[in-house]
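J.: Build me a structure from this.
(one chain, ligands or ions: 1)
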Amino acid sequence: MAVKTPIYMDYHATTPVDPRVLDAMLPYFNEKFGNAASRSHIYGWTAEEAVSTSREKIAALIGASNPKEIVFTSGATEADNMALKGVAEFYKDKGNHIITTVIEHKAILDTCKRLEKEGFQVTYLPVDEKGMVSAESVEKAITDKTILVSVMLANNEVGTVQPIAEIGKITRARGVLFHSDAVQGIGKVPFNVEAMNVDLASITAHKMYGPKGIGALYVRRSRPRVRITAQMDGGGHEFGMRSGTLNVPGIVGFGRAAELMITDGAEDAKKLVALRDHLYKRLTTELESVNLNGSWEHRLPGNLNVSFSFVEGEAMLMAIKDVCVSSGSACTSASLEPSYVLHAMGIGDDLAHSSIRFGLGRFNTLEEVDYVADLVISKVNGLREMSPLYEMHKEGIDLSTVQWAAH
Ligand SMILES: *Cc1c(COP(=O)(O)O)cnc(C)c1O
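T.: Next up is the predicted model:
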């Protein structure tokens, strides 16, 4: 059977809504349109009941002991902002130091920059060449002024899965709050806020086959009780932590998506590992000079991030434009810098520019993976034919020792 193009392999950017999720949502746009805050009639009660069922499912997915620990937001950007700013403001008399990492999502990094302007001190922990944060570095960075540590569960570019349980042990022992941006790993790799001593966690529906514009912040209610200062006032929704009329259809979809992650997540992951490994095997056996970015062992099931030496990322993306992927190259992102994540791992500009992130997901097939492998292999070969650098490399010249003329 011929594959249908375009082929979507950018599941880290967003995922399609699972048809089962859409089915669950539809009635909440019209027949069950009530405001979950309406206490005086059946429309309100129906909406409120749907919201609490979703809260339970999401709590179950992340191992929260109380559904009231799930606070709905517009997504993970808002949840990240709420966690960092909310904790900073509430605990500012206790200390002004926050620890995070250089490979966090911009929702964390830009929030930290804002907090620095307001007088907070932020330590940005480095990563090793495989994109891993070390728990020891977290321990060493903690001072008596530290109020919060924020480390992501899994990185959105290179898919590295961080040692959350180890870090949680340390932060709990030191009496420091621990936040994790868990967006990319939820339902795909083990994550449990109780077992891992996580105090706050950000998640979003659209990275797990739910709709866009709905997410949540997990805020621990006991052992220890975490407090945050609300960033949005008006009406006192969400236990006073986030005012605003709830997006009921979104929340219903989020809950259904969470339920599907519980039932199908492990099976999905197994399938994705097989597809991902097949793609990697084909690329590395049928091409030379393919560099893996990020740890192989501690990696999201659907993530493959590789750099093709002697090939430009933009040229590659153009050549394979029937395949929807991302590149660590500058021109594909809003910023002018090549990927700061690859940079932090010590990967040079050339290889960062030639990196491609394949993000596989629930609806990809083996036929698609083979189609993509065939296409990438032939295009990389074609682009390399035209590359003088590749010519020199084939002649045995060590490019790292070449003295280039200044221009
Ligand atoms: C997508 C993403 C976000 C932002 O989530 P939104 O719901 O789109 O705001 C935050 N963190 C990580 C790691 C992400 O991948």
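
J.: What ranges does the stretch 51-200 of the chain have for its strands?
T.: 70-73, 97-101, 121-125, 146-150, 177-181, 200-204 (DSSP state E, counting those that start in this stretch).

J.: burial count for K140?
T.: Residues lying near K140 (other CB atoms under 10 Å) number 13. Heads up, the C-betas are built off the backbone N, CA and C, glycines and all.

J.: That one and V133: what is the separation?
T.: Distance, K140 to V133, by CB to CB, to the nearest Å: 12 Å.

J.: for F120, same thing?
T.: Taken as CB to CB, the span from F120 to V133 is 20 Å.

J.: Settle it for me: which of these two has more neighbours?
T.: Counted by other CB under 10 Å, F120 and V133 do not tie: V133 has more neighbours, with 25 against 21.

J.: ok, that one - contacts?
T.: T101, I103, L125, V127, V151, Q162, P163, I167 (CB atoms under 8 Å, 6 or more residues apart in numbering).

J.: cutoff 6 Å now
T.: T101, L125, V127, V151, Q162 (CB atoms under 6 Å, 6 or more residues apart in numbering).

J.: Report the beta-bridge partner residues of the first one.
T.: It stands for T101. L125 (DSSP bridges).

J.: ok, it to the ligand distance?
T.: For T101, the distance to the ligand equals 12 Å [CB to the nearest ligand atom, to the nearest Å].

J.: Could I get the pLDDT score of that residue?
T.: Per-residue pLDDT puts T101 at 98.

J.: Return the most buried member of the strands of the stretch 51-200 of the chain.
T.: Ranked by mean neighbour count, the strands of the stretch 51-200 of the chain are led by strand 200-204 with a mean of 30 (mean count of other CB atoms under 10 Å).

J.: partners of that one in the sheet?
T.: Counting by DSSP bridges, strand 200-204 is paired with strand 177-181 (parallel), strand 215-219 (antiparallel).

J.: Out of the ones you listed, which is closest to M318?
T.: Nearest to M318, of all the strands paired with strand 200-204, is strand 177-181, at 31.8 Å by CB to CB.

J.: Could you write out the alpha-carbon coordinates of that closest one in CSV?
T.: The C-alpha coordinates for strand 177-181 follow below in CSV (Å, rounded to 0.1, in the frame of the first residue of the first chain):
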residue,chain,number,x,y,z
LEU,A,177,10.4,22.2,46.5
PHE,A,178,10.7,20.3,43.2
HIS,A,179,8.9,21.2,40.0
SER,A,180,9.1,19.2,36.8
ASP,A,181,7.9,20.2,33.3
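
J.: That strand near the ligand anywhere?
T.: Yes: residues of strand 177-181 are located near the ligand by CB under 6 Å from any ligand atom, namely D181.

J.: what does stretch 129-149 give?
T.: No: Stretch 129-149 stays out of contact with the ligand when judged by CB under 6 Å from any ligand atom, the minimum separation being 13.3 Å.

J.: Spatially nearest residue to whatever residue of the chain ends up closest to the ligand (excluding sequence neighbours)?
T.: Using CB to the nearest ligand atom, the single residue of the chain nearest to the ligand is G75, 2.6 Å away. Among residues not flanking G75 along the chain, G215 sits closest, at 4.0 Å (CB to CB, 6 or more residues apart in numbering).

J.: Return the distance of stretch 373-388 from the chain's centre.
T.: Stretch 373-388 sits 30 Å away from the centroid of its parent chain (CA atoms, centre = their mean, to the nearest Å).

J.: What are the buried residues along that stretch?
T.: A373, L375, V376, I377, K379, V380, L383, R384, S387 (16 or more other CB atoms under 10 Å).

J.: If we check the ligand, which of those are in contact?
T.: Within the buried residues of stretch 373-388, nothing lies near the ligand by CB under 6 Å from any ligand atom.

J.: Cross those against helices and list the overlap.
T.: Using DSSP state H, the members of these that fall in helices are A373, L375, V376, I377, K379, V380, L383, R384.

J.: mind listing what the second one touches?
T.: Applying CB under 6 Å, 6+ apart to L375 gives the contacts I320.

J.: Need the pLDDT of it.
T.: pLDDT at L375 comes out at 97.

J.: pretty sure the residue of the chain closest to the ligand is touching T204, no?
T.: Yes: counting by CB atoms under 6 Å, G75 touches T204, with 4.7 Å between them.

J.: Common neighbours of those two, please.
T.: G215.

J.: circling back to that earlier point, out of the strands paired with strand 200-204, which is closest to R276?
T.: strand 177-181 (22.2 Å).

J.: Tell me the gap between that closest one and the middle of its chain.
T.: On CA atoms, centre = their mean, the centre of strand 177-181 falls 14 Å from that of its chain.

J.: Spell out which parts of the stretch 151-300 of the chain neighbour the ligand.
T.: M152, N156, D181, V183, Q184, T204, K207, G215.

J.: residue contacts, the first one?
T.: With contacts taken as CB under 6 Å, 6+ apart, M152 has the following neighbours: E104, D181.

J.: try it again with 7 Å
T.: E104, H105, Q162, S180, D181 (CB atoms under 7 Å, 6 or more residues apart in numbering).

J.: and if you look at the fifth one?
T.: The neighbourhood of Q184, defined by CB under 7 Å, 6+ apart, consists of H12, L153, A154, N155, N156, K207, L300.

J.: so the first one touches N156, yeah?
T.: In this case it means H12. Yes: using CB atoms under 7 Å, H12 is in contact with N156, at 5.0 Å.

J.: so how far is G75 from E157?
T.: 19 Å.

J.: My error: substitute V149 in the last question.
T.: 22 Å.

J.: again with G63
T.: 21 Å.

J.: more neighbours, these two?
T.: Taking neighbours as other CB under 10 Å, G63 and G75 compare with G75 leading, 21 against 16.
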